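S.K.: this one's sequence-less:
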């Protein structure tokens, strides 16, 4: 279920900025350290998206950690007017 929600969120961000963003295949690790190393071990940067997901009668505050490659991160931040 999380994969569906996050994929929809990423699709919404992509539509808002006019880019194509493709989430990677989910990874399940055997512990926090192994999972973090697999997800971010070879990356120089990451992006924390703070969100408020709402469904009728339900509200979830959440955090999504994105790890776009450097060229994509620069382009995304530029489209959002951050850089």
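M.R.: Cool, got the structure. Note that the structure is predicted; figures quoted are calculated from it, not measured.

S.K.: where is the longest helix in the protein?
M.R.: helix 2-17 (DSSP state H).

S.K.: what residues does that one touch?
M.R.: If you take Cβ atoms under 8 Å, 6 or more residues apart in numbering as the criterion, helix 2-17 is touched by 20, 21, 23, 26, 49, 51, 53, 64, 66, 76, 79, 80. Backbone N, C-alpha and C define where each C-beta goes, glycine included.

S.K.: the same query, at a cut-off of 7 Å, please.
M.R.: Where contact means Cβ atoms under 7 Å, 6 or more residues apart in numbering, the residues beyond helix 2-17 that reach it are 20, 21, 23, 26, 51, 53, 64, 76, 79, 80.

S.K.: just stretch 33-52 next, same as before
M.R.: Defining contact as Cβ under 7 Å, 6+ apart, one finds that stretch 33-52 is touched by 9, 27, 29, 59, 61-68, 70, 73.

S.K.: next, name the residue at the spatial heart of this protein.
M.R.: residue 66 (3.3 Å; Cα atoms, centre = their mean).

S.K.: which residue, other than its chain neighbours, is closest to it?
M.R.: Spatial nearest neighbour of residue 66, excluding adjacent residues (Cβ to Cβ, 6 or more residues apart in numbering): residue 47 at 4.4 Å.

S.K.: where do the helices sit along this protein?
M.R.: Under DSSP H, the chain gives helices at 2-17, 32-40, 70-79.

S.K.: so can I have JSON lines of the ones you listed showing mean pLDDT and mean neighbour count?
M.R.: As requested, those are arranged in JSON lines below (pLDDT from 0 to 100; neighbours: other Cβ atoms under 10 Å):
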{"stretch": "helix 2-17", "mean pLDDT": "81", "mean neighbour count": "14"}
{"stretch": "helix 32-40", "mean pLDDT": "78", "mean neighbour count": "12"}
{"stretch": "helix 70-79", "mean pLDDT": "78", "mean neighbour count": "14"}
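
S.K.: measure the residue nearest to the centre of the chain to residue 79 for me?
M.R.: Using Cβ to Cβ, to the nearest Å, residue 66 is found at 14 Å from residue 79.

S.K.: tell me which residues are up against stretch 59-72.
M.R.: With Cβ under 7 Å, 6+ apart, stretch 59-72 has contacts from 6, 9, 39-40, 43-53, 76.
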